[in-house]
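Colleague: based on what follows, work out the 3D shape:
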Amino acid sequence: MPFEFPEGLSPEVYPLAWLVGRWSGTGEINHPATGERAFVNDVVVDHDGGPYLRFQSTITVGEGDDATVWSTETGYWRISSDRPVGLPEDHHAVELLLADASGRLSLFLGTTGKGQIHLATDFVARTATASDVTAAKRMFGNVDGRLLWAEDLAAFGEPMRSYAAAQLDRVAG
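Modeller: Numbers count the residues shown, from 1 in each chain. Predicted structure coming up:
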């Protein structure tokens, strides 16, 4: 089935069009500071015709009556007008601005192309009560129509290391 651009999508974000939709799936957190735990991740990427995509992600741990929200993020994806020297023609500079309900704001910069996104940040602003995250890297990929992602963190007094990963399926509707 050929890919169709979502109706009304701004041409500026065509390189990210494959992200648009509702996604849900499972993953695992594994970090010395938080332990190992399975989670469910629900993601919505949508647009209002502007030159950006809106992003919302909720991670829930536990099951049934014991299920609790682990994290919620809201943000915006943008294709940068800056083109780094040496960036292949079939790739684009991308920005992700995120607000985390735990009290963090992060600005990720990176590249997208061929169904992959690679991002990194060392710009993390946080409130006095937010978790001690100082840097992060994220990778997103479209693999056989699934959204796969992984995140590395420098946090909780630990150097950059693997933190979480998930595999999400597109939700109809």
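
Colleague: going forward, measure contacts between C-alpha atoms and count neighbours the same way
Modeller: OK.

Colleague: how many neighbours does residue 87 have?
Modeller: For residue 87, the neighbour count with other Cα atoms under 10 Å is 11.

Colleague: what do you get for the one 10 residues further on?
Modeller: Under the neighbour criterion other Cα under 10 Å, residue 97 is assigned a count of 17.

Colleague: if I look at residue 70, how far off is residue 46?
Modeller: Using Cα to Cα, to the nearest Å, residue 70 is found at 22 Å from residue 46.

Colleague: work out for me the element residue 40 sits within.
Modeller: strand 35-46 (DSSP states H and E).

Colleague: so residue 70 and residue 46 - more neighbours on which side?
Modeller: residue 46 (19 against 15).

Colleague: quickly list what that one is bridged to.
Modeller: residue 54 (DSSP bridges).

Colleague: on the three-state scheme, the residue at the greatest distance from the centre of the chain is what?
Modeller: In the chain, the residue that sits farthest from the middle, by Cα atoms, centre = their mean, is residue 65; the gap is 27.1 Å. With DSSP: H, G, I helix; E, B strand; the rest coil as the basis, residue 65 sits in helix.

Colleague: and the pLDDT at the closest residue in space to residue 60 that isn't next to it in sequence?
Modeller: Spatial nearest neighbour of residue 60, excluding adjacent residues (Cα to Cα, 6 or more residues apart in numbering): residue 69 at 4.3 Å. For residue 69, the pLDDT comes out at 96.

Colleague: which stretch of helix or strand covers residue 69?
Modeller: Residue 69 belongs to strand 68-79, assigned by DSSP H and E.
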